[in-house]
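Student: Provided below for reference: sequence and predicted model.
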Amino acid sequence: MSKLSEKLKSGQTAIGSHISLTDSTVTEILGDVGFDYLWIDTEHTSISLESLRNHLVAARACGVSAIVRVPEVSQVKAKPILEMGPDGIVFPQVNSYDLACEAVAACKYPPVGNRGWGPRRAMHFGVDMTAQEYIAKANDDILTILQFENIQAYQDLDRILSIEGLDVILLGPCDLAASMGYIGDWHHPDVEQVVDDLFERVHKSGKKIGVSYGLCDEQELLLYQRRGVDMISIAAETDFIVKGSKDLFHTMKSVFTS
């Protein structure tokens, strides 16, 4: 069981960050910082399958859990990523019950789903486990995470939460607000009302709920802490580079500019 899964099962909040650059060195660095998991994004970035594999190698080397966001709900897109052995798959824009069923099925072997056979790296190339051992645990071990990013999904929420094999509903507040006509205003009272209800209903169903956010202050974190968030993904390596370099630049400028 991955570190992320252990945190979720124990009821503790799992804390993570995002990876958007192609160089796996950033995964090695952030993994050594101590995050519970890293979210490697192939939806909004130029990360290729080869780069992704290198990120997953780096994650395993430093003992951090790794989840991967695929570009869309697609069995074809998810399949090669699953075979690389991530700890979970994140599907974006899951805006209906049918899409949610398709996403979950893509991660599960028959008879539960329709994932094809060919795990290779996921089963460590057979070095320390057999195919039968991998099959026995794969359906339960790989976290299936569906992003809640559109108000359309809200209309189908109860049916989505009934799907067997769904582990986490993950809020994307920025896209949710945009879908409600409040782009850039994800704290609009109408959006907050939906988010509060989402947290209550997901927890009542026994599922876990997470949130993905950019670089933010402590007050934003406390907002989700009070809601009882189960996993929270904040900022990315690019944010850390910008923040660190700007802080250093202003310090140097203050020292060397009279």
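Tutor: Sure thing, it's come through.
Student: and the longest helix along the chain, average pLDDT?
Tutor: If you go by DSSP state H, the chain has its longest helix at helix 237-256. With pLDDT averaged residue by residue, helix 237-256 scores 96.
Student: what about that helix, distance to the chain center?
Tutor: 28 Å (Cα atoms, centre = their mean, to the nearest Å).
Student: before we move on, what about stretch 19-36?
Tutor: 14 Å.
Student: got phi/psi on Thr144?
Tutor: The phi and psi values for Thr144, taken as degrees, to the nearest 10, are phi -100, psi 110.
Student: in the least confident helix or strand in the chain by mean pLDDT, what counts as buried?
Tutor: Every helix and strand of the chain was ranked by mean pLDDT, DSSP states H and E. The lowest is helix 131-141, at a mean of 92. In terms of neighbour count (16 or more other Cβ atoms under 10 Å), helix 131-141 has its buried residues at 134, 138-139. For the C-beta atoms, the positions are set from N, CA and C on the backbone; glycine is no exception.
Student: please apply the same query to stretch 77-92.
Tutor: 77-79, 81-92.
Student: so which of these sit within strands?
Tutor: Residues from the buried residues of stretch 77-92 lying in strands, with DSSP state E as the criterion: 88-91.
Student: which single one of those is nearest to Pro71?
Tutor: Phe91 (9.6 Å; Cβ to Cβ).
Student: in the sheet, who's paired with that closest one?
Tutor: Leu146 (DSSP bridges).
Student: contacts only, for it.
Tutor: Applying Cβ atoms under 8 Å, 6 or more residues apart in numbering to Phe91 gives the contacts 69-70, 72-73, 78, 99, 103, 144-147.
Student: show me where the stretch 1-150 of the chain has strands.
Tutor: Here the stretch 1-150 of the chain has its strands, by DSSP state E, counting those that start in this stretch, at 14-19, 37-41, 65-69, 88-91, 143-148.
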